[in-house]
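**Student:** from the sequence below, what's the structure:
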Amino acid sequence: MEKEKKISPEQSNQISRRKFIAQTGMAAAAFTILPSGLYGLNRRSPSDKLNIAVVGIGGKGNSDARACAGENLVAFCDVDETMNPQLKIDFPNAAFYKDYRVMLEKQKDIDAVVIATPDHTHAIIAMAAMKMGKHVFVQKPLTHTIYEARRLAEVAKGKNLVTQMGNQGHAGEEARLLNEWIWDGAIGDINEVHIWTNRPIWPQGELKRPTETPDVPSTLDWDLFLGPAPLRPYHPDIHPFNWRGFWDYGTGALGDMGAHFIDQPFWALDLGHPLTVQASSTKFNEDYYPLSSMVTYQFPARGNKPPVKLVWYDGGLMPPRPEELEPGRKMGDSGGGVLFYGSKGKIMHGTYGTGVRLIPETKMQEYVRPEKTIPRSPGIQLEWIEAIKKGSKSTTDFSYSGKLTEVMLLGNIAIRMQDKNTVLEWDPVKMEITNLPEANPFMHVKYREGWSLE
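**Tutor:** Residues are numbered from 1 along each chain as shown. Sure, this is the predicted structure:
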């Protein structure tokens, strides 16, 4: 296995923004995969394998990598050397790096990059790869801030890159059935949606910031883990899993599961940007998201579709039980659910393969299902790979997933602003909360010195 040249943390950080942009700028036009009409130009056909690098190889990075195993996995990158040793054993020809900047600078054969790091580093890694002309797949949520989501979508479009967000539920059979039934008019015009999740399954709430300062493991580059986030001491309560509950690194329950659950009405109802958002929650502090929250969005009418009220619940909160639901029957499943209210009935959907069902069950049995009209997916990762080879558009590319991510992150801003007792009014063109200017600094965060999105 090819190893990264040993450098100190100080040397790693000396790969400055100026030097990196200079290097990546020269490579920006060097697309290694061209649209299908140009195959003769670069002598690559759809049957050729892509060279894929994976940044962040624990958890979803592992499953994303294995889903791409039909291509050439040429590089793995993780700030923690101990992460997922089995992946390195199974793909011994892939080089290993700690620093994605070193990987992109050194490894010239990379066509596309999968990014499955903590939320706060999604955008900077994706931007660096895209500026070098790499196609990118980024795990959900796409970004940590609304500004990051907007910029990634703009750059991806400008460079004509194939992008995808890793919300795998979008590729599932149930998501397609849900759309086909709703578009068939199974429950008429839909004007209300309720969504709930069992998240968080990690610590959040009014917790005290860890005060111990244990030594950083020799196998972990803590400075690289922090990336653009504020400097703070290493603690195992942050890495490798519980970072999700911290404002500095994660996006809480809404960011974690909204990409799956909000995606369903976002796609089926063509929701776009909301007009307003408001929230309430349990107590939280400057470090941690709240233990539970409720966020209400109001979406405008779209063509002949009526306005939609969408309510999000997490941390054990649930919507009212619909009267049509049979006694003893569970709402959704252990992971949560989505409930659509239509002029002619209701549709309920769980999370773990429990299916799309009209309620009550008697209505489900009476329903004559429409023909399947949406192309079925080979999987969220393989969709992306296929789109790269065909020079086509992927299903949750950044023009779609960027807007979806903005909706999710607006909810987190509303949680922060709930003490203002104001319904937040959203202007997506200006990217502003128009009636509460003090909310607008949360559209982005100040990066630590030495880190930049541009």
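**Student:** for residue 315, give its distance to residue 84.
**Tutor:** 30 Å (CB to CB, to the nearest Å). C-beta coordinates here come from the backbone N, C-alpha and C atoms, glycine included.
**Student:** residue 224 is in what secondary structure piece?
**Tutor:** helix 222-226 (DSSP states H and E).
**Student:** helices or strands up against the lengthiest helix in the chain?
**Tutor:** Determined from DSSP state H, the single longest helix within the chain is helix 398-416. Packing partners of helix 398-416 (3 or more CB pairs under 8 Å, 6 or more residues apart in numbering; DSSP states H and E): helix 146-159, strand 163-166, helix 252-261, helix 263-268, strand 276-281, strand 293-299, strand 424-427.
**Student:** got JSON lines for these, with mean pLDDT and distance to residue 98 too?
**Tutor:** As requested, the helices and strands packed on helix 398-416 are arranged in JSON lines below (pLDDT from 0 to 100; distance: least, CB to CB, whole Å):
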{"stretch": "helix 146-159", "mean pLDDT": "97", "distance to residue 98": "23"}
{"stretch": "strand 163-166", "mean pLDDT": "98", "distance to residue 98": "22"}
{"stretch": "helix 252-261", "mean pLDDT": "95", "distance to residue 98": "25"}
{"stretch": "helix 263-268", "mean pLDDT": "97", "distance to residue 98": "33"}
{"stretch": "strand 276-281", "mean pLDDT": "98", "distance to residue 98": "37"}
{"stretch": "strand 293-299", "mean pLDDT": "98", "distance to residue 98": "35"}
{"stretch": "strand 424-427", "mean pLDDT": "98", "distance to residue 98": "39"}
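**Student:** which one, of these, ends up nearest to residue 450?
**Tutor:** helix 146-159 (17.3 Å; CB to CB).
**Student:** number of nearby residues for residue 269?
**Tutor:** By the criterion of other CB atoms under 10 Å, residue 269 has 22 neighbours.
**Student:** for it, what are its contacts?
**Tutor:** Counting by CB atoms under 8 Å, 6 or more residues apart in numbering, residue 269 touches 182, 190, 193, 299, 302, 305, 308.
**Student:** repeat for residue 376
**Tutor:** Counted by CB under 8 Å, 6+ apart, residue 376 has contacts 173, 176.
**Student:** local confidence estimate at it?
**Tutor:** You'll see residue 376 listed with a pLDDT of 95.
**Student:** residue 254 versus that one, what's the distance?
**Tutor:** 29 Å.
**Student:** same check, this time on residue 372
**Tutor:** Using CB to CB, we find residue 372 at a distance of 31 Å from residue 254.
**Student:** likewise residue 296?
**Tutor:** From residue 296 over to residue 254 (counting by CB to CB), the distance is 12 Å.
**Student:** intersection of neighbour lists for those two?
**Tutor:** Counting by CB under 8 Å, 6+ apart, the residues touching both residue 296 and residue 254 are residue 312.
**Student:** so those two - more neighbours on which side?
**Tutor:** residue 254 (29 against 17).
**Student:** shaky segments in this structure?
**Tutor:** Within the chain, the segments meeting pLDDT under 70 span 1-47, 352-354.
**Student:** what's the domain layout of it?
**Tutor:** If you go by automatic domain parsing, the domain ranges for the chain are 9-170+385-399, 173-203+241-374+405-443.
**Student:** what sits against residue 393?
**Tutor:** Residue 393 sits in contact with 162, 387, where contact means CB under 8 Å, 6+ apart.
**Student:** looking at this, it is in a strand?
**Tutor:** No: assigned with DSSP: H, G, I helix; E, B strand; the rest coil, residue 393 falls outside any strand and is coil.
**Student:** returning to what we had before: so can I have CSV of the helices and strands packed on helix 398-416 showing distance to residue 66?
**Tutor:** Output for the helices and strands packed on helix 398-416, formatted as CSV (distance: least, CB to CB, whole Å):
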stretch, distance to residue 66
helix 146-159, 25
strand 163-166, 13
helix 252-261, 20
helix 263-268, 23
strand 276-281, 37
strand 293-299, 34
strand 424-427, 39
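**Student:** ranking the ones you listed by burial, who's on top?
**Tutor:** Among the helices and strands packed on helix 398-416, judged by mean count of other CB atoms under 10 Å, the one packed with the most neighbours on average is strand 163-166 (a mean of 29).
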